[in-house]
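Enquirer: Sharing a sequence plus its predicted fold:
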Amino acid sequence: MVHIQISGKLSWEMRRNFVNLQIQEMEKIIEKRLAKELLKKLDSSERVVLTCHVRPDGDAIGSTLGLWHLLRSMGKEATVVVPDKAPQSLAFLPGFKEIAVYTSHKEFCETTVEKSDLIICCDFNTPSRQDALAPLIQGAAAPKVLIDHHTEPDSFAELTFSYPRMSSTCELVFRIIAAMGLYEKVDKDCATCILAGIITDTRNFTVNVNYPDLYDILMRLLEKDVDKDRIIKEALNTRSLNSLKLEAYALSQKMEIFPEHKCALITLDQEELKKFSYEKGDTEGLVNRPLEVRGMIYSIFMREDPDCVKISGRSCRDFPVSEICKKLYGGGGHIQAAGAEFHGSLMECRNILIANMDEFDKYLK
């Protein structure tokens, strides 16, 4: 038997070369022209604003904060400005306390946006997804960059990265960073935020994984000493007692099953939310739970907010829940994860779905 011993130095060089090859493979999906143009914009900018959609989730906060850490390591003056508060389940992310919330610090946000020389828009495809913050962002003189994984983006940015097949905007952010040659500048804090967005949007790598090398990205982020278990615990598996009680009530008392359509529907009105002291983020992930029922192909959750009915849809087996959100409510999203807003009563919203379920039976497998 022949034994081959590799010195520690050579072993490290081989490992580094292997990592570099993997990074190069990840770059191929991103257009080099776009990556070079973004790097040029970053090099020529000093005050950068990073922003996302209203009711920000893990992917929105993860992508903006991830880029925030990267830009700070490059010596830039960067600020994350969001339309409204993010859920407390994301408060563990490094930099969370530095986020400027428009509904709470309007004057500061206005001054910061007006003074910026570059605005990077993450995780939304149309200005309306920013609600009251949209006029400020769209009216700013600074050039805008869009980084997003939703379909049919509006043409409001000078530079657009639109890749709907990405699991998350955070996956896209990592690939863009690699394509710009800035992987070495990704530190533990940056990597933590990016991985949090990937984990929350894929429900810990169980949905929307379209590129096998997403697992290579996971390994590259773990190399930065990221605590994956903590991200899963804090972002997915930790909640308040009231939130847990609300979910138990929703599943036991409000879940409707339509076996002929392989659909589950949950509706919650304002009184029910108030009864369980509802806070933003308390119903996160609720729409996924009915898919655990054997035979269910898609799940719809409708929550009555003060200004509209918020609709969330999830599915499996490639059922296009996005078609339901788009055709019935003017929304959209991904094939298996979509949403919409309905400006009417909760009962009207529910009845529209039930009346049109037959139309979507053709997609059942």
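Expert: Structure's in. What do you need? Numbering: from 1, shown residues only.
Enquirer: rest of the way, CA atoms for contacts and neighbours
Expert: Fine.
Enquirer: can you pull the contacts of the most centrally placed residue in the chain?
Expert: Nearest to the mean C-alpha position of the chain, counting by Cα atoms, centre = their mean, stands D59 at 2.6 Å. Applying Cα atoms under 8 Å, 6 or more residues apart in numbering to D59 gives the contacts 123, 168-170, 194, 196-198, 200-201.
Enquirer: and which of the residues you listed is nearest to Y102?
Expert: Using Cα to Cα, D123 is the member of these that sits closest to Y102, with 17.2 Å.
Enquirer: Give the burial count for that closest one, as a bare number.
Expert: As a burial measure, D123 scores 27 neighbours (other Cα atoms under 10 Å).
Enquirer: what's the closest non-adjacent residue to it?
Expert: Nearest residue to D123, sequence neighbours excluded (Cα to Cα, 6 or more residues apart in numbering): D148, at 4.6 Å.
Enquirer: Pull the number of nearby residues for the one you found.
Expert: Neighbours around D148, by other Cα under 10 Å: 27.
Enquirer: Would you agree it is in contact with R165?
Expert: No - assessed by Cα atoms under 8 Å, D148 is found out of contact with R165, at 10.3 Å.
Enquirer: so where's the chain shaky on pLDDT?
Expert: Across the chain, the ranges flagged by pLDDT under 70 are 1-28.
Enquirer: The same query, at a cut-off of 90, please.
Expert: 1-29, 151-152, 203, 206-211, 280-281, 284, 317-318, 332-334, 365 (pLDDT under 90).
Enquirer: and the gap between E234 and K228?
Expert: Distance of E234 to K228, given as Cα to Cα, to the nearest Å: 10 Å.
Enquirer: and L50, which of the three is it?
Expert: Of the three states, L50 takes strand under DSSP: H, G, I helix; E, B strand; the rest coil.
Enquirer: quick one: V145 is in a strand?
Expert: Yes - assignment of V145 by three-state DSSP places it within a strand.
Enquirer: Show me the beta-bridge partners of it.
Expert: V145 forms beta bridges with I120, L159, as assigned by DSSP bridges.
Enquirer: Return the residues in contact with it.
Expert: Per Cα under 8 Å, 6+ apart, neighbours of V145: 38, 118-121, 157-161.
Enquirer: Those, buried ones only, as a PyMOL selection?
Expert: Only the buried members of the contacts of V145 enter the following PyMOL selection, criterion being 16 or more other Cα atoms under 10 Å:
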select buried, resi 38+118+119+120+121+157+159+160+161
